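Visitor: Below: sequence and its predicted model.
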Amino acid sequence: MEQLNNLKHFNIAQVLECGQVFRFNKDKHNDFILVAGNKKIKICQQADSIIIKNSTPEDISKVWKTYFDLDTNYEDITNILMNKDEHMSKIVQFGEGIRILRQDPWEMLISFIISQNKAIPHIKTCIENICLNYGTPIDSLTHAFPTVNQLMNVTDEQLRECKVGFRAGYIIDATKKVFNGEIDLENIKTMGINEARIELMKIKGVGPKIADCILLFAYNKMDVFPTDVWIKRMIEGLYFNGQDTKLDKIQKFAKEYFGELAGYAQQYLFFYGRENGMFKK
DNA sequence: CTCCAGGGATCAG
DNA sequence: CTGATCCATGGA
C-alpha cells in the first residue's frame, strides 16, 4: 500500500469514468478496483491524496506513475483549453481531474473492436467474459487480459459465448495479424499518426474511430480526436449550430481548433456529455 | 413492441 | 466517392 500526496488535476472517478478504460469497478466505499496488466489495485482518494492498495514503491515508480500519466503537466493543458471559449471553460473545469491513461496497445485494440456499436456497460461485460475465460488468473475473482497467444487458441464460437456477437471475426483477424507479425504493435510506437492509423486499419473491424481510440489511449498520440456519435453530436451542438455535420469536417475542425491538444479536449467533452445526460438527440 | 448503442464492412448507385 | 443496410446483444 502506497500513498501519493499533493496531486493536482487528478480525480480517480473522472479518470476512470471518462470512457477510456473498461476494467474497473466501484466498491461499497466508493473506492475503485482497477485491473491493468497482471496487477489489480484498489484506489482510495481523499482530496489531493490517493492511496493505492496492493502496490509497492517499485510499482508506483515503474508502473502506476506512467499508467496514470502523473508526469504530465495538466495545468498548462487545462488552461489552454479553458481559454478557447466559454463552452470549453465550463467543460474542462467540470472534468479538471481527468488524465489520459497510458494503456496496453493489445488490450486497447481488442477492447475497442468490441466497443463498436455497443453500450459501455455491455462492453465491460464482454471484456470481463473474455478475461475470465482465457486470461491468466490474478486472484479468485479476476483474470488478466488474455495475451495474444492465449487468444490464438480461442474459436469464433467461444468468442460468441462471451457475447461479442459479430465482432468475433474481427477479434480473430486482429489476433492472427498480431500473432504472425503482419501487424507489429511495438513498431507502431515509432510511426507518425497517419502511418499508424493506416497500419491499425489493416485489421478487420478497425476503422477511423477505433484506430483513433487506440492511438490516443495506448500510443498517446495526443492530437487525434476520436469521433463517435456522441462526440459528433456535442461538436455539432457547440460549434455547428446543431446541424448535421460530416465526420471529416468535424475532424478538421477539431484539429484546427484544439491542435495538439485535441485528444485531451475529446476526453473532457466526452466526460461532460456523459455525466450531464447530453448523449441523446 | 421498437429503438439504439464509444462503428465498420459491404453493397448499391 | 457517398449513402444505405446489415451486423449480435441487451437495456431503455
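Guide: Noted; the coordinates are in hand. Here the structure is a predicted model, which is why all the values come from computation and not from measurement.
Visitor: Tell me the residue of chain A that sits nearest DNA strand C?
Guide: A:Gly165 (2.6 Å; C-beta to the nearest atom of the strand). Just so you know, the C-beta spots here come from the backbone N, C-alpha and C atoms, and that holds for glycine as well.
Visitor: Please name the nearest non-neighbouring residue to A:Ile91.
Guide: Of all residues not flanking A:Ile91 in the chain, A:Tyr272 sits nearest, at 4.4 Å (C-beta to C-beta, 6 or more residues apart in numbering).
Visitor: who's in contact with that neighbour?
Guide: Counting by C-beta atoms under 8 Å, 6 or more residues apart in numbering, A:Tyr272 touches A:Lys90, A:Ile91, A:Phe94, A:Gly95, A:Met234, A:Met278.
Visitor: Only whichever of these are buried, select them in PyMOL.
Guide: Buried subset of the contacts of A:Tyr272, written as a PyMOL selection, criterion 16 or more other C-beta atoms under 10 Å:
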select buried, chain A and resi 91+95+234
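Visitor: Please tell me how far A:Glu236 sits from A:Leu247.
Guide: Separation of A:Glu236 from A:Leu247 (C-beta to C-beta, to the nearest Å) stands at 11 Å.
Visitor: Looking at those two, which is more packed in?
Guide: More crowded of A:Glu236 and A:Leu247, by other C-beta atoms under 10 Å: A:Glu236, with 16 against 12.
Visitor: A helix includes that one, no?
Guide: Yes - counting by DSSP: H, G, I helix; E, B strand; the rest coil, A:Glu236 falls inside a helix.
Visitor: contacting residues around it?
Guide: Per C-beta under 8 Å, 6+ apart, neighbours of A:Glu236: A:Gly242, A:Gln243, A:Asp244, A:Thr245, A:Ile250.
Visitor: Now restrict those to buried residues only.
Guide: So, of the contacts of A:Glu236, A:Thr245, A:Ile250 end up buried under the neighbour-count rule (16+ other C-beta under 10 Å).
Visitor: In helices only, show me the contacts of A:Glu236.
Guide: A:Ile250 (DSSP state H).
Visitor: Would you mind giving the contacts of A:Glu236 as a markdown table with pLDDT added?
Guide: Listed next are those as a markdown table, based on pLDDT from 0 to 100:
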| residue | pLDDT |
| --- | --- |
| A:Gly242 | 91 |
| A:Gln243 | 92 |
| A:Asp244 | 92 |
| A:Thr245 | 94 |
| A:Ile250 | 96 |
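Visitor: nearest to A:Leu159, of the contacts of A:Glu236?
Guide: A:Ile250 (32.4 Å; C-beta to C-beta).
Visitor: isn't the closest one right up against A:Thr227?
Guide: Yes - using C-beta atoms under 8 Å, A:Ile250 is in contact with A:Thr227, at 5.5 Å.
Visitor: so what's in contact with the two at the same time?
Guide: Common contact partners of A:Ile250 and A:Thr227 (C-beta under 8 Å, 6+ apart): A:Ile235.
Visitor: Where does the nearest residue to A:Ile77 once chain neighbours are set aside sit, in terms of helix or strand?
Guide: Leaving aside its chain neighbours, A:Ile77 sits nearest to A:Tyr264 (5.4 Å; criterion: C-beta to C-beta, 6+ apart). Using DSSP states H and E, A:Tyr264 maps to helix A:262-275.
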